[in-house]
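Undergrad: sequence and predicted model, in that order:
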Amino acid sequence: MTTDGTGSDFIGYPHRHLLGIEGLTASEIRYLLDLSESYVDLNSRSDGRDGDPRCRLLAGRTLVNLFFENSTRTLTSFELAGKLLGAEVINMAVATSSVKKGETLIDTAMTLNAMHPDLLVVRHDQSGAAKLLSEKVNCAVINAGDGSHEHPTQALLDALTVRQVKGRLEGLIVAICGDIMHSRVARSNIHLLGTMGAQVRVIGPPTLMPPKIERLGVASFIDMRAGLKDADIVMMLRLQVERMQGAYVPSIREYFRFFGLDYDKLGEAKDDAIIMHPGPMNRGVEIDSEVADDYGRSLIRQQVEMGVTVRMAVLDALTRQIRVERKDED
Ligand code: ASP
């Protein structure tokens, strides 16, 4: 238990960093989702946000986005979330930085550390990179995707989107389909959904299924129709070709035939099943274009919107924790 600076007992998010979902408790996850809920209006407001005190929440704080891998949604939404809360946001363009001249991750971290940021958002192609950085710098670190390991804010935004539509996570049957092996989104979602009491299934070809995946508490299927049976949520994943060495699927056509989501296969899921995808989406590979654009069932646009909301909440939660730590030091 810690305090929120007002003297009241407060069990929120008592960690300095957000490196992954694995290891978080159900109440910590629920706290982050509830906090995110409270930011929905700030994000979606179209009548201007002037005068809302939350817009100054991060005033005087510096947020550095350090992305070693490409990103559209995650980078933009962290930038927007930081700016909406009043932070100074700096996007480190890694392509033009010293990293391209051979500076190591740790050298880069130490350089950034010397500039005293408060929050560092990092994406890297190596699993464990965010954790390594968190051990070297003084600021709060948020993992925005490390190799095929974790992508915690994606799982949080997915959970928030599901909660808004279905009203709960507990008891839902969630089918995660595609390249499970290389997907950090799958791993973070498996941890979050399992912790929150959902029933998780993973579906994919044997070549893209990590060995002993059942140890994470999921049921695995190589027959997509069987895996989709009565599912409430269908989460599609991209083939992460950038992490593949060699051929994992015989051909795109073949892959779509067995693992691409079309109306025919979707018919196995519940009538009110919803469709999700973290993006970027490869139409005609893992998902049929018409299904992806079926806004009665596809929540892909809401996921992007919830991305900003969740990231505001995460920045808020970590900043509260910084305040608690500083108070404890006094
Ligand atoms: N955008 C997600 C990620 O960074 C999913 C993907 O790239 O397919 O992991």
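TA: Sure, I can see it.
Undergrad: measure the residue nearest in space to the middle of the chain to the ligand for me?
TA: Nearest to the geometric centre of the chain sits residue 154, at 1.4 Å (CA atoms, centre = their mean). Applying CB to the nearest ligand atom, to the nearest Å, the value for residue 154 to the ligand is 6 Å. No exception for glycine: its C-beta is placed from N, CA and C like everyone else's.
Undergrad: what about that residue, which SS state?
TA: Secondary structure, DSSP: H, G, I helix; E, B strand; the rest coil: residue 154 is helix.
Undergrad: enumerate every residue touching it.
TA: Taking CB atoms under 8 Å, 6 or more residues apart in numbering, we find residue 154 in contact with 74, 145, 184-185, 188-189, 278, 307.
Undergrad: which of those come close to the ligand?
TA: 145, 184-185, 278 (CB under 6 Å from any ligand atom).
Undergrad: narrow the residues you listed to those in strands?
TA: If you go by DSSP state E, those have residue 145 in strands.
Undergrad: how about the closest residue to residue 219 other than its chain neighbours, secondary structure?
TA: Once flanking residues are discounted, residue 219 sits nearest to residue 201: 4.9 Å by CB to CB, 6 or more residues apart in numbering. Assigned by three-state DSSP, the conformation of residue 201 is strand.
Undergrad: relative to residue 225, how far out is the closest residue to residue 71 other than its chain neighbours?
TA: Nearest residue to residue 71, sequence neighbours excluded (CB to CB, 6+ apart): residue 123, at 5.9 Å. Residue 123 is 35 Å from residue 225, where distance means CB to CB, to the nearest Å.
Undergrad: ditto for residue 145
TA: Counting by CB to CB, the gap from residue 145 to residue 225 is 31 Å.
Undergrad: between those two, which is the more surrounded one?
TA: For residue 145 and residue 225, the more surrounded residue by other CB atoms under 10 Å is residue 145, and the numbers stand at 28 against 14.
Undergrad: what sits against the more buried one?
TA: The neighbours of residue 145, taking CB under 8 Å, 6+ apart as the test, are 69, 71, 74, 123-124, 151, 154, 184.
Undergrad: now, the most widely separated pair of those residues?
TA: Maximum pairwise distance among the contacts of residue 145 (CB to CB): 15.1 Å, between 124 and 154.
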